[in-house]
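Colleague: got a structure for you, letters missing:
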């Protein structure tokens, strides 16, 4: 199955965001690498992030919650459609 954002895809993000919410796709630092994942849960300053393809993703199920301070940007282009995500609640798809 093709990833929502295939390897080599150029992305644009913004650092000018007021609030991160469930369903947002973010770019963050983890273990010295930039990663792109979708927010599944938010608790205060902590985020639980999931990859869009559960069977092939290393995400918060593996490394736990991340701090909001590790977020570099909120993805704005290309728009990663929630409807292509396999493990995001269907009521978030749009």
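Modeller: Cool, got the structure. For clarity, every value in this text was computed on a predicted model and none was experimentally measured. Residues are numbered from 1 along each chain as shown.

Colleague: May I have the predicted confidence score for residue 85?
Modeller: pLDDT, residue 85: 49.

Colleague: Kindly report the same for the one 5 residues further on.
Modeller: Residue 90 is assigned 40 on the pLDDT scale.

Colleague: Residue 82 too?
Modeller: So residue 82 comes in at 55 (pLDDT).

Colleague: Would you mind naming the helix or strand containing residue 37?
Modeller: strand 33-43 (DSSP states H and E).

Colleague: which residues sit against the helix or strand following that strand?
Modeller: Next helix or strand after strand 33-43 toward the C-terminus (DSSP H and E): strand 46-50. The contact list for strand 46-50, computed with C-beta atoms under 8 Å, 6 or more residues apart in numbering, reads 20, 26, 28, 37-42, 57, 59-61, 65-68, 71, 87-88. Just so you know, the C-beta spots here come from the backbone N, C-alpha and C atoms, and that holds for glycine as well.

Colleague: again, only using 10 Å
Modeller: Under the criterion C-beta atoms under 10 Å, 6 or more residues apart in numbering, residues 20, 22, 24-26, 28, 30, 35-42, 57, 59-61, 63-68, 70-71, 85-88 lie in contact with strand 46-50.
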